[in-house]
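[1] Below are the sequence and a predicted model; questions follow.
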Amino acid sequence: MTTILRDFFDLNNEIVFFVYGQVFFVLGLAIALQSRRHSRLELARSLRWLAFFGLAHGFHEWGMLLIPIQALYLPPDAVAFLRVLRVLLLGVSFAALFQFGADLLRDRWPWLYVLPLGLTAIGSTLLIAVALKELPGIGAWEQWASIGIRYFLGFPAGLLAAYGLRYQAKRQIRPLGMDRIYRVLRLGGLALAAYAFLAGLVVPYAGFFPANVLNQSLLVNVLGIPVYVFRSLAGLVLAVTIIRALEVFDVEIDRMIEEMELEQGVAAERERIGRELHDGAIQRVYTAGLIIESARRQVEDGGLVAQRLDRAMTALNESIASLRAYMTDLRSEPVTFSLLEGLEQQTEDPRLGALMDISLEVSWPEAPALNPSQITHILAIVGEGLANAARHARPEQVRVKATGSNGQLLLQIVDDGAGFAPENQVQEGYGLRNMRDRARLLGGTLTIDSEPGRGTEITLAVPLEAK
């Protein structure tokens, strides 16, 4: 059975190397294409090193397949250069993997962050110097340098990255309640540990320990399967787990939007309750007080009815005072900045900037005179519009345009997202109703123009004389 397996893989050696390189190249490419600019997770910052490792390591392994083909057409010096470049790619890829692990553990061991660069520089210098001096010929140098890089960088880099990945999964992913992603990252850590052993310790045979005991030839003789197959399997598990774990950034974005919507919803609900208290409960209690006061004038002092009416008046006055206190607690702090400053803060919010490109265009001869209440309502409408775009439309670009002329403030929010058909919506959501309510309180109008596939345009027109 061992002989059959050995013969099979000898015949398909090129396919094995192609798949091996492709696994790591896909790993690096998938990570590189994932946007993580404004993520608050430590893993997001560190993944760039894993992406670099995957791309460099994929090209290194493809070199084993492509260099023999190039040797048929290129002069010997050019082929020797390609073989040296392939060895250097191996060292660079392991250095990136080393840096990935160190970056993941920066908060625990800050000094570890500079270790990979130092070891890479020292090790590369020693390996090249010793190899060129002691080992004649490009073949011997290539084998000796490859073994040294795997021992000196590959094995510790893989172990450190495996521990760092599991550490970050436990520290940042598990507390978020993402158990599935947590388990996936832990499996990825195990795949990295297995790869550290297979790529860092199972090396070509050499006449020194441990290469003369644990080597690629031993694995083929015992199992009939070359080490590249096992490395490919470990790399495949790593690629699948990391690609699945990239979902954490989508979950993070969804939670970020929900957090923003919750903040806006709470603020709007507090204002609604405050308005209802003022326009409803307080007015009715005040009316009841007037009725009791009128009845009190018809009753002589000192009697039982007069005493009860006086107590009722006192209770009603205390109720009005309590309701006004509740209103004060519910009321948001008045804004102390201008409309332009508020718009700049909203459009430069990094949470929204992580999801779409937001630009602000302001055009008015002079800044409109607005009171704090008007500014609060306008900014709430803009915030609701931006949050709705991020949640439902997923646009690439959003333009917020504010113009003032002829006694009117015109504010537009235009996106290039998915859009919707307004006539197909049976009823509006709370957010849109809240935007229209605020527009009415401003004495203005709110119009929404949208079409599936062609984005949405929200226009708020506010007469500047409205108070």
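    Noted; the coordinates are in hand. Numbers count the residues shown, from 1 in each chain.
[2] Tell me, what's the model's pLDDT at the residue sitting furthest away from the middle of the chain?
    Using Cα atoms, centre = their mean, the residue of the chain lying farthest from its centre is residue 300. It sits 74.2 Å away. In the prediction, the pLDDT value recorded for residue 300 is 71.
[3] In three-state terms, label it for me.
    Using DSSP: H, G, I helix; E, B strand; the rest coil as the criterion, the local structure at residue 300 reads coil.
[4] shouldn't it be in contact with residue 306?
    Yes. When contacts are counted by Cβ atoms under 8 Å, residue 300 is listed as touching residue 306 (6.6 Å). For the C-beta atoms, the positions are set from N, CA and C on the backbone; glycine is no exception.
[5] For the stretch 151-300 of the chain, which segments count as helices?
    In the stretch 151-300 of the chain, the segments counted as helices under DSSP state H, counting those that start in this stretch are 155-168, 179-200, 216-223, 227-245, 247-276, 283-297.
[6] could you dump these to JSON lines with distance to residue 24 and mean pLDDT?
    Putting these into JSON lines (distance: least, Cβ to Cβ, whole Å; pLDDT from 0 to 100) gives the following:
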{"stretch": "helix 155-168", "distance to residue 24": "13", "mean pLDDT": "93"}
{"stretch": "helix 179-200", "distance to residue 24": "10", "mean pLDDT": "92"}
{"stretch": "helix 216-223", "distance to residue 24": "18", "mean pLDDT": "86"}
{"stretch": "helix 227-245", "distance to residue 24": "5", "mean pLDDT": "91"}
{"stretch": "helix 247-276", "distance to residue 24": "21", "mean pLDDT": "67"}
{"stretch": "helix 283-297", "distance to residue 24": "72", "mean pLDDT": "74"}
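[7] which one of the ones you listed lies closest to residue 446?
    The minimum distance between residue 446 and the helices of the stretch 151-300 of the chain falls on helix 247-276, with 14.5 Å, by Cβ to Cβ.
[8] re the thing from before, quick one: closest of the helices of the stretch 151-300 of the chain to residue 375.
    Between residue 375 and the helices of the stretch 151-300 of the chain, the tightest spacing by Cβ to Cβ is seen for helix 247-276, at 13.7 Å.
[9] returning to what we had before: against residue 312, how distant is the residue farthest from the centre of the chain?
    Using Cβ to Cβ, to the nearest Å, one obtains 17 Å as the distance from residue 300 to residue 312.
[10] Quick check: which of the helices of the stretch 151-300 of the chain is nearest to residue 85?
    Taking Cβ to Cβ, helix 179-200 is the member of these nearest to residue 85, at 19.0 Å.
[11] Buried ones in the closest one, by neighbour count?
    Buried residues in helix 179-200, counting neighbours by 16 or more other Cβ atoms under 10 Å, are found at 181-200.
[12] what does it rub up against?
    When contacts are defined by Cβ atoms under 8 Å, 6 or more residues apart in numbering, helix 179-200 is touched by residues 150-151, 154-159, 161-163, 165-166, 168-170, 173-174, 227, 230-231, 234-235, 237-238, 241-242, 244-245, 247-248, 251.
[13] Report the spatially closest residue to residue 202, excluding sequence-adjacent ones.
    residue 227 (4.8 Å; Cβ to Cβ, 6 or more residues apart in numbering).
[14] Now, of the contacts of helix 179-200, which are buried?
    Buried subset of the contacts of helix 179-200 (neighbour count, 16+ other Cβ under 10 Å): 150-151, 154-159, 161-163, 165-166, 168-169, 173-174, 227, 230-231, 234-235, 237-238, 241-242, 244-245, 248.
[15] Low-confidence ranges, the stretch 351-467 of the chain, go.
    By pLDDT under 70, the low-scoring segments of the stretch 351-467 of the chain are 351, 354, 365, 422-431, 465-467.
[16] Do a quick rundown of the helices in it.
    Along the stretch 351-467 of the chain, counting by DSSP H, counting those that start in this stretch, helices occupy 372-388, 430-441.
[17] Which among those helices is found nearest to residue 8?
    Ranked by Cβ to Cβ, the member of the helices of the stretch 351-467 of the chain that lies closest to residue 8 is helix 372-388, at 58.0 Å.
[18] buried stuff in the closest one?
    Within helix 372-388, the residues scored as buried using 16+ other Cβ under 10 Å are 374-388.
[19] List the contacts of stretch 54-72.
    For stretch 54-72, the surrounding residues in contact (Cβ under 8 Å, 6+ apart) are 14, 17-18, 20-29, 31-32, 78-79, 82-83, 85-86, 89-90, 92-93, 96, 228, 239.
[20] Let's see that with 6 Å instead.
    The contact list for stretch 54-72 (Cβ atoms under 6 Å, 6 or more residues apart in numbering) reads 14, 17-18, 20-21, 24-25, 27-28, 79, 82, 86, 89-90, 92-93.
[21] Can you add distance to residue 142 and give the helices of the stretch 151-300 of the chain back as JSON lines?
    JSON lines is the format used below for these (distance: least, Cβ to Cβ, whole Å):
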{"stretch": "helix 155-168", "distance to residue 142": "19"}
{"stretch": "helix 179-200", "distance to residue 142": "16"}
{"stretch": "helix 216-223", "distance to residue 142": "15"}
{"stretch": "helix 227-245", "distance to residue 142": "17"}
{"stretch": "helix 247-276", "distance to residue 142": "40"}
{"stretch": "helix 283-297", "distance to residue 142": "90"}
